[in-house]
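Student: sequence first, then the predicted structure, then my questions.
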Amino acid sequence: MAEADGATAAPRPDLDPDDVTWIEPPVCPECGSLVRICPTNYDRWVSLAMVELPAKDVPEPFRWRLTRLPAPSPISTDIVAVRVRGIDPLPGDPVVPAHRMMCVPEWGEP
């Protein structure tokens, strides 16, 4: 299921709370653009684009939504990526595309 969804990204590294060094945002090794690496609702990780697009502009296999996990406290604790399935969103509903849909590899010098 994870491979079919494209949820094959490496998890974010565990960070030391006492480490104050700068952390660079993750980038795609293929195209060099920024990516959002999110856990999925089935314990895998997926690379998502940094922007939301209307559902009509994103093919069905690449549609994701970010949702907050419920927690006992009123403050949401974390965000997970959930594949949009079952009920199709309206054409104008915002979805987050998988990065692999937008990835254009950099070409080397001829």
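Tutor: All right, it came through fine. Residues are numbered from 1 along each chain as shown.
Student: where does the chain dip in pLDDT?
Tutor: 1-2, 4, 13, 71-77, 106-110 (pLDDT under 70).
Student: all strands of it, in order?
Tutor: For the chain, strands defined by DSSP state E occupy the ranges 36-39, 45-48, 53-54, 63-68, 79-83, 94-97.
Student: could the ones you listed go into a markdown table alongside mean neighbour count and distance to Asp14?
Tutor: Bear in mind the C-beta positions are built from the backbone N, C-alpha and C, glycine included. A markdown table is the format used below for these (neighbours: other Cβ atoms under 10 Å; distance: least, Cβ to Cβ, whole Å):
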| stretch | mean neighbour count | distance to Asp14 |
| --- | --- | --- |
| strand 36-39 | 18 | 13 |
| strand 45-48 | 21 | 13 |
| strand 53-54 | 14 | 31 |
| strand 63-68 | 17 | 21 |
| strand 79-83 | 18 | 17 |
| strand 94-97 | 20 | 24 |
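Student: closest to Glu3 out of those strands?
Tutor: Among the strands of the chain, strand 45-48 comes nearest to Glu3, with 11.2 Å by Cβ to Cβ.
Student: that older thread, need the strands of the chain in TSV (columns: distance to Pro11).
Tutor: Shown next, in TSV, are the strands of the chain (distance: least, Cβ to Cβ, whole Å):
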stretch	distance to Pro11
strand 36-39	7
strand 45-48	5
strand 53-54	25
strand 63-68	17
strand 79-83	13
strand 94-97	18
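Student: of all the ones you listed, which one is nearest Trp22?
Tutor: Trp22 sits nearest to strand 36-39 of all the strands of the chain, at 17.6 Å, using Cβ to Cβ.
Student: quick check: Arg44 touching Thr8?
Tutor: Yes - with contact defined as Cβ atoms under 8 Å, Arg44 reaches Thr8; the gap is 7.3 Å.
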